[in-house]
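Colleague: Build me a structure from this.
(2 chains)
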2 protein chains.
Amino acid sequence: MLERLMSSDTGGLTWSLIEKARARIADKVNRTPVLTSATLDALSRSHLYFKCENLQKCGAFKARGATNAVFALPDGEAQRGVATHSSGNHAAALARAARLRGIRAYVVMPENATQAKRAAVTRYGGEITWCAPTLAAREASAREVVAATGATLVHPYDDLAVMAGQGTAAAELLEQVPDLDLLLCAVGGGGLLAGTAVAAKALSPGIRVIGVEPAGADDAARSFRAGRIFPSVNPHTIADALRSALGERPFAEIRRRVDDIVTVPDEVIVAGMRQLWEVLKIVVEPSGAVPYAALLARRAELHGRRIGIVLSGGNVDLDQLPWGVPGPGVAPPALEVTPARE
Amino acid sequence: MLERLMSSDTGGLTWSLIEKARARIADKVNRTPVLTSATLDALSRSHLYFKCENLQKCGAFKARGATNAVFALPDGEAQRGVATHSSGNHAAALARAARLRGIRAYVVMPENATQAKRAAVTRYGGEITWCAPTLAAREASAREVVAATGATLVHPYDDLAVMAGQGTAAAELLEQVPDLDLLLCAVGGGGLLAGTAVAAKALSPGIRVIGVEPAGADDAARSFRAGRIFPSVNPHTIADALRSALGERPFAEIRRRVDDIVTVPDEVIVAGMRQLWEVLKIVVEPSGAVPYAALLARRAELHGRRIGIVLSGGNVDLDQLPWGVPGPGVAPPALEVTPARE
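Modeller: Below you'll find the model as predicted:
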């Protein structure tokens, strides 16, 4: 782990770490397509480039960071396995990466986790330890698992190798579409936004990078304004993957390199999600639609001729669509929405 | 129209016509991505390559044929516009192509056409003539429109320029994935299957091309066995884009070049559609899921190491999903389905 320790010691994520991550994971994750739409371009009066991480392995960008972290481990450490107490996309991505490397993945999961989340982990051979549904119980269980197995804990975002892996999505996007004015990226724990900002500013120094956060989980926006981390208190948003508290390592990069963080209300997130399904013909989860929702809300600071949008994931329960019960008489959300008020 | 007349005179669709179509439409339609999935590969015990025409302009492969037909017209003829009495994806695709060329598109549409279909045509500036909802009324109205305007009628599939355009999807796929053993393609009117077969056999002579049809609209399968066109009588299937009667020109190609046509029941089409949404994270319409449904039904003749699947379209009403009313207590279709019986 020399590389991870060194970069941690020197204080942050570098373009060099992202470049190494790209080489390390190139044959293990998808080079996802970039979709465009004349309809959405006309609606937004700009050129939009959607980086489809919903079409990534495991249905989310999390495959990038988890794969980089697992394959960056030296053999001796790797042999004892990896562990996490995330129950979302990171857990499945970590289990998949561990299987690819032929090592064990221990996942601590709250007893109330959905069947879908459990299935995503066990599909890749992840070994689940159940715990009470509190953060304290999860952390305690994770410590026990690590103590018992010697596994390396891979945090879903507060980890330089994970952040470097997440940054490879923006690196790819800027190779596929080199001359973007603006890049929009969701922020929850901050791993994707940190990696995105480091990659984007390295490859395209003039680009603006703006984080987008649900209004009901706005700890990153408040932290960004204050210059110090605000805790995430009772986050309430349909964008479940963005309820995480902002991490310290991601925040250090975000402070230095991100131009702004804006928030969007849930109703605009849902309208954006539906519009992406209808027009782009792809399945995007609520969290994945958050950066596009910022455009829908016509935030004045989001002008730009050529705008990159990272669609972070597509893992959604098809029996629980947020536009309500289908059937005659249900009005779809309006295509045009009123500007958001913070 | 020399080229179209000539090829019509000499009796059929050639690889040369498809090559010309590719060059003609290259900067006007999407080069759609090919998606793969380790999960679906494991389920099917083969390697699947999904050609995503749901991500095509207008959400369907129809953009290819309509664009080729419109841009193949000589200037004098084009100036009088184009017309069709299709009310589905072809009508929107024709309106879009006409707008790109700066000419008018006249679309005869039954009074009971859905608002979504009307909107898709008017979005691109197509001019709608309403008629009674019978084939006779549509054909009569179309003749009147053509007589009054001098527009060229562009049939949705029984037209060599349209068929050549549709063949460009398979040509692209075989460039993206050169060594396929088998290619699965839906058949309704037959334009896509005919173009697919001509392109595939030209580029990869050893490939098998199999058409897949809903069991409730099996005129192509019956016609293929009998060697003559059976009429389509009261087609009944959720795959609405495949209810069309098989066309003569497509059938001539299909007889010569397609290896078999198999049918799948609606419940397997719906299960396949849902599985594609869940695993590939893309929106596929019922008709688009038909060739994949043939694999789900584990038809013995569909073995093959490397299988190409043309996902033809993604235009679906998100308020009318065929897996029923979402909400707690609704069981999703089983991932494994029993073999279909014809």
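Colleague: measure the residue in the stretch 51-200 of chain A that chain B sits nearest to to residue A:263 for me?
Modeller: Closest to chain B within the stretch 51-200 of chain A is residue A:54: 4.6 Å, counting by C-beta to the nearest C-beta. For every residue, glycine as well, the C-beta is placed using N, CA and C. In this view, residue A:54 and residue A:263 are 22 Å apart by C-beta to C-beta, to the nearest Å.
Colleague: coming back round to it: wait, doesn't the residue of the stretch 51-200 of chain A closest to chain B sit right on residue A:287?
Modeller: No. The criterion here is C-beta atoms under 8 Å, and residue A:54 misses it with residue A:287 at 10.1 Å.
Colleague: what's near enough to touch the residue lying closest to residue A:314 once chain neighbours are set aside?
Modeller: Leaving aside its chain neighbours, residue A:314 sits nearest to residue A:54 (2.9 Å; criterion: C-beta to C-beta, 6 or more residues apart in numbering or on different chains). Residues in contact with residue A:54 (C-beta atoms under 8 Å, 6 or more residues apart in numbering or on different chains) are A:60, A:282-285, A:288, A:311-314, B:281.
Colleague: what's the longest helix seen in chain A packed up against?
Modeller: As assigned by DSSP state H, the longest helix anywhere in chain A is helix A:160-176. In terms of contacts (3 or more C-beta pairs under 8 Å, 6 or more residues apart in numbering or on different chains; DSSP states H and E), helix A:160-176 is packed against helix A:2-9, helix A:15-25, strand A:47-52, helix A:62-72, strand A:182-186, helix A:191-203, helix A:248-257, strand A:306-311.
Colleague: In three-state terms, how would the residue of the stretch 51-200 of chain A closest to chain B be classified?
Modeller: Here residue A:54 takes the helix state, with states given by DSSP: H, G, I helix; E, B strand; the rest coil.
Colleague: now do residue A:263
Modeller: Strictly by three-state DSSP, residue A:263 counts as strand.
Colleague: What count of nearby residues applies to residue A:306?
Modeller: Close neighbours of residue A:306, defined as other C-beta atoms under 10 Å in any protein chain shown, add up to 16.
Colleague: Report the beta-bridge partner residues of it.
Modeller: Residue A:306 has the following beta-bridge partners by DSSP bridges: residue A:47.
Colleague: Ok, the one 4 residues further on next?
Modeller: Assessed by DSSP bridges, residue A:310 has beta-bridge partners residue A:51.
Colleague: low-scoring stretches of chain A, by residue?
Modeller: Along chain A, the parts satisfying pLDDT under 70 run over A:1-10, A:300-301, A:324-342.
Colleague: Please identify the residues of it in proximity to chain B?
Modeller: A:33, A:35, A:38-39, A:54-55, A:57, A:59, A:123, A:274, A:277-278, A:280-284, A:314-315, A:318-321, A:323, A:325-328, A:330, A:332 (C-beta under 8 Å from any C-beta of the partner chain).
Colleague: Check those residues for burial and list the buried ones.
Modeller: A:33, A:35, A:39, A:54-55, A:57, A:59, A:123, A:274, A:277-278, A:280-284, A:314-315, A:319, A:321, A:323, A:326 (16 or more other C-beta atoms under 10 Å in any protein chain shown).
Colleague: Let's see which of those residues end up in helices.
Modeller: Those of these lying in helices (DSSP H): A:39, A:123, A:274.
Colleague: Any chance of CSV for these, columns distance to residue B:236?
Modeller: As requested, these are exported to CSV (distance: C-beta to C-beta, whole Å):
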residue, distance to residue B:236
A:39, 32
A:123, 37
A:274, 30
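Colleague: ok, the residues you listed vs residue B:267, which is closest?
Modeller: residue A:123 (24.6 Å; C-beta to C-beta).
Colleague: That closest one: what's it in contact with?
Modeller: A:92, A:95, B:39.
Colleague: Including distance to residue A:17, could those go into TSV?
Modeller: Formatted as TSV, the contacts of residue A:123 follow (distance: C-beta to C-beta, whole Å):
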residue	distance to residue A:17
A:92	24
A:95	24
B:39	30
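Colleague: ok, so of those residues, who is nearest residue A:197?
Modeller: Closest approach between the contacts of residue A:123 and residue A:197, by C-beta to C-beta: residue A:92, at 25.4 Å.
Colleague: Quickly find the element holding that closest one.
Modeller: In the assignment (DSSP states H and E), residue A:92 maps to helix A:89-101.
Colleague: got a list of contacts for that helix?
Modeller: Counting by C-beta under 8 Å, 6+ apart, residues outside helix A:89-101 touching it are A:28, A:57-60, A:62-63, A:65-67, A:69-71, A:78, A:81-82, A:84, A:86, A:104-105, A:107, A:109, A:117, A:120-126, A:154, A:156-157, A:241, A:313, A:315.
Colleague: The next helix or strand after it - contacts with which helices or strands?
Modeller: Note on helix A:89-101: by DSSP H and E, the next helix or strand toward the C-terminus is strand A:105-110. When contacts are defined as 3+ C-beta pairs under 8 Å, 6+ apart, strand A:105-110 packs onto strand A:82-84, helix A:89-101, helix A:115-123, strand A:127-131, helix A:135-149.
Colleague: Now with 7 Å, please.
Modeller: The contact analysis (3 or more C-beta pairs under 7 Å, 6 or more residues apart in numbering or on different chains; DSSP states H and E) places strand A:105-110 against strand A:82-84, helix A:89-101, strand A:127-131, helix A:135-149.
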